[in-house]
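Enquirer: A structural model of the following input is requested.
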Amino acid sequence: MRIDMMPSLVKCLGLMLLLPSIGIASILSDPQVEKLLSRHIEASGGKNALMEMQSISRYGQISFDQQGTKENFCYHTDIIYPNKLREQIKGRQIEYDRGTDGVSFWLWTGNQYEFTDDKALIQYMHLTAERANRDLLWIRNEFTKFKMMDFPPAWAPENSQCIQANEGNPKRAYCFDLSTGLVNAIGSSEEYRLESDWREVGNIKLPFHLAHYQKGVMIYEIQLDYAKLNDFILDIQFQKPFTPQMDC
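Expert: Residues are numbered from 1 along each chain as shown. Have a look, this model is predicted:
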C-alpha cells in the first residue's frame, strides 16, 4: 500500500488537515475564535486531561475506495507520546505495517521488515506520533492567527461554524459542530476530512469515525471499534519485528 494513501492519523486518530477559502472570511474579534477552540477542548475532555495523555491505542476497520471498489482492512495504531508509533493496516496478508521507537524507523516492504532512512516517511511518522488529539491545544495558543468565516465550506456538515488561518496556501481551517462544540470537518475543497461519532475514552473524547476525501471523492474511511487510553504498551511493540505480525 502506498504511503501517500494514508495521511497521518491519530495522526491520529485524533486529528488535522487543510482547508481553502470558501466564502468571505469575516473580520471578527479574536475572542470569538478562541471561544470556538476553547469549547472544543472542553468538550473533548479539557486541557489537563488531554495533556496528561501518555499512550493511546485504537482498533477498528479502514476501507479504501479505489475506482468505485471498496477494500476493507483491519486497523490498529499504538502511540506513546511524544514519539513512539506503531501503525498497522492489514487484510489477509500484511499490507501496511510501520513503526518507530523514536530513534529507528522500520516498515514492511512486502516480504520483510526493514529499517528506513526515508526523510519524508520519518517526518510523517513523527507528525503522526506527536499530533493526535493534542492539535487543538497548540492551535488554541495561536488563536490570533485565525479568523472566523462567514459561511462554512460546501462540504462541511450542516450546523457548522468554521475558522480559517490568516496565512498559508491552502489556508488551514477547522469546522465545529454548533451543538456539541466538537470538530466535525477539516480540509479543503481538494482534500478534507470529516470527523464524527465522538465517544468517551477514559476521561477524553475521540472521533470514532473519520472519512477522508480528495477532490470530493472518498479515499478512505475509518470506523473504530474501541480505543484504550493510558494503557501500558510494551516497548517491543515499537521495535522492528522479526516475523510478520498479525495483531489485529
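Enquirer: host element of the nearest residue to residue 47 once chain neighbours are set aside?
Expert: Taking C-beta to C-beta, 6 or more residues apart in numbering, and ignoring the residues beside it in sequence, residue 47 has residue 41 as its nearest neighbour in space, at 5.6 Å. Bear in mind the C-beta positions are built from the backbone N, C-alpha and C, glycine included. Using DSSP states H and E, residue 41 maps to helix 30-43.
Enquirer: now do the strands in this protein.
Expert: Assigned by DSSP state E, the strands in the chain fall at 55-66, 69-80, 84-90, 94-100, 105-108, 113-115, 146-148, 160-168, 171-177, 183-187, 191-201, 204-214, 217-229.
Enquirer: how about low-confidence regions in this structure?
Expert: 1-29, 130-135, 247-248 (pLDDT under 70).
Enquirer: which of the strands of the chain sits most buried?
Expert: strand 183-187 (a mean of 26; mean count of other C-beta atoms under 10 Å).
Enquirer: contact partners of that strand?
Expert: The contact list for strand 183-187 (C-beta atoms under 8 Å, 6 or more residues apart in numbering) reads 15-19, 40, 136, 152-153, 155-157, 160, 162, 173-177, 192-196, 207, 213.
Enquirer: and for the helix holding residue 41, what's in contact with it?
Expert: 47, 50, 136-137, 139-140, 143-144, 146-148, 161, 163, 176, 180-183, 205.
Enquirer: pull the CA atoms of that helix into PDB?
Expert: Extracted as PDB, the C-alpha positions of helix 30-43 are listed here (Å, rounded to 0.1, in the frame of the first residue of the first chain):
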ATOM      1  CA  ASP A  30     -10.000  37.100  18.300                       C
ATOM      2  CA  PRO A  31     -12.100  36.100  21.400                       C
ATOM      3  CA  GLN A  32     -14.700  34.600  19.100                       C
ATOM      4  CA  VAL A  33     -12.000  32.300  17.600                       C
ATOM      5  CA  GLU A  34     -10.700  31.400  21.000                       C
ATOM      6  CA  LYS A  35     -14.200  30.700  22.200                       C
ATOM      7  CA  LEU A  36     -14.700  28.000  19.500                       C
ATOM      8  CA  LEU A  37     -11.300  26.400  20.200                       C
ATOM      9  CA  SER A  38     -11.800  26.500  23.900                       C
ATOM     10  CA  ARG A  39     -15.200  25.000  23.600                       C
ATOM     11  CA  HIS A  40     -13.900  22.100  21.600                       C
ATOM     12  CA  ILE A  41     -11.100  21.500  24.100                       C
ATOM     13  CA  GLU A  42     -13.500  21.400  27.000                       C
ATOM     14  CA  ALA A  43     -16.000  19.200  25.100                       C
END
